[in-house]
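1. quick one: sequence plus predicted model below, questions after.
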Amino acid sequence: MADAEAHVMPDGRLYIVGSTDVSGSKDYCSKEIHIWSTDDPELENWIDHGAVYTNRPGEKCIPWAPEAVLYAPDMIHKDGKYYLYMCGSNAFEAAAVAEKPEGPYGEAHRITGADGNGIDPAIFVDDDGSAYYLWGQFHLRGAKLRDNMYELDADTITDNILTEQEHGFHEGASMRKIGSLYYIVYTDISRGRATCLSYAVADSPLGPYKKGGVIIDNTYCDPSTWNDHGSIQFYKGRWFVFYHRSSQNCQACRRVCAEPITVLEDGSIPEVPMTSNGAGKPLNASEEIEASCASRMKGSLFIAPDPLRPGREMLTGCGGGNWTEAWAEFRTADLGSGASRITVKASGKGRITLMTQREGKIASADVNALNGEIEAFSAKLEKSISGCQTVWLLFEGDMDVRTFSIN
């Protein structure tokens, strides 16, 4: 899933709706929209509600745009009904209605006033019940929705709510209200690539908006990463940012991640880093850690399906001539008390060096498994280490790395 929109619904569960990338494909999205939900405060256990909308003939499709790829959606609850908003590869904008968040959703309606005009719908219902619709790329447009929830009030259409020039706006708007202030989270291109989720703040839903800052940047999630898209949501006492990151050395093959964030008293949101554990506990280094859960990586390595372990992933292409240009970061790992050895499971040939946040480079394991099989390689640490800290694996050679443990 990519393009995650997270909302708490009246049943108290947190629901995420997003577009669906296909593993192995270099193309964004597909013809399906999926919904997941959880009631877990740590966001670890989820229910997959499956494909709630599929744009193919013979199924409930977009009648005027059958077979169009479905881009980033949004979903909202209003007056006892659930509205799924969709857009697609020929700039259509549509909505479908259901009695439950997971559907089934009925016939699609054009968003009159926006259909054919852009991408990435964002829906917001204010405290007084007024509903707003945002959409667009490079410059954001918005308007009030009429009571039927799929027709724009033409008199309220507002152009250039956010722009690339003033706000770094690329695409992917998402609106929330915190206190008396309105926040738009969006894909920001200000750092040269569309890898940031940033926010802007206003006193009214349609602006004017002032840029606040970057919430998260997915740079170093993959050699080919391009965009980010997501949302913020308050859930069970904490604020979270939901974002996506690429894999498989392509701009697509994205997956949703989450990180806790803080909304300060002055309304600002400090930037947070990508982590390996998201909303949950630190990684337990005494158990095998999947190398594919690296928070960041640099060099030619990337996350890919593991042909020797169906259904699991690995870090492939780990190596090069200089370890400073080839590394994987794991933020944060619990090293316990008195860890003294690292064990890695890998194939290929090269050297893997462990570096910790406090101790620096502390051990190197030589890998020599050229028979195509996965083998375990160990090295004793130069000194005992403990506690929770960020660790890095530094690579020289050419290896596919599956897991590591430190105990």
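-> Nice, I can see it. Numbering: from 1, shown residues only.

2. hey, what's the residue nearest the centre of the chain bridged with?
-> By CA atoms, centre = their mean, the mean C-alpha position of the chain lies nearest to H244, the distance being 1.8 Å. Going by DSSP bridges, H244 is paired in beta bridges with V256.

3. OK, contacts around it?
-> Contact analysis of H244 by CB atoms under 8 Å, 6 or more residues apart in numbering lists 1-4, 18, 218, 228-230, 254-257. In short, each C-beta sits where N, CA and C put it, glycine included.

4. and the helices in this protein?
-> 164-167 (DSSP state H).

5. and for I16, the neighbour number?
-> Taking other CB atoms under 10 Å as the criterion, the count of residues near I16 is 25.

6. doesn't A4 make contact with it?
-> Yes - using CB atoms under 8 Å, I16 is in contact with A4, at 5.2 Å.

7. what's the overlap in contacts for the two?
-> With CB under 8 Å, 6+ apart, I16 and A4 have common neighbours 242, 256.

8. run a quick neighbour tally on M399.
-> Close neighbours of M399, defined as other CB under 10 Å, add up to 28.

9. state the pLDDT value of it.
-> With respect to pLDDT, M399 has a value of 97.

10. go on, E325?
-> 89.

11. kindly report the same for A291.
-> Note on A291: pLDDT of 98.

12. now swap in I216 and tell me
-> pLDDT, I216: 98.

13. for the one 5 residues further on, same thing?
-> Here the pLDDT value assigned to C221 is 97.

14. low-confidence ranges in the stretch 101-250 of the chain?
-> Along the stretch 101-250 of the chain, segments meeting pLDDT under 70 are nowhere present.

15. in it, which spans are strands?
-> With DSSP state E, counting those that start in this stretch as the criterion, the stretch 101-250 of the chain has strands at 109-110, 122-125, 131-135, 141-144, 169-178, 181-188, 196-202, 210-217, 231-235, 238-245.

16. likewise the stretch 251-400 of the chain?
-> Ranges of strands within the stretch 251-400 of the chain are 255-261, 283-284, 289-290, 296-298, 302-305, 313-320, 327-334, 339-356, 360-369, 375-385, 388-406, based on DSSP E, counting those that start in this stretch.

17. so for Y132, which of the ones you listed sits nearest?
-> Distance to Y132, taken as CB to CB, is lowest for strand 255-261 among the strands of the stretch 251-400 of the chain, at 23.0 Å.

18. for that closest one, packing partners?
-> When contacts are defined as 3 or more CB pairs under 8 Å, 6 or more residues apart in numbering; DSSP states H and E, strand 255-261 packs onto strand 2-8, strand 238-245.

19. out of those, nearest to A94?
-> When the helices and strands packed on strand 255-261 are ranked by distance to A94, counting by CB to CB, first place goes to strand 2-8 at 15.5 Å.
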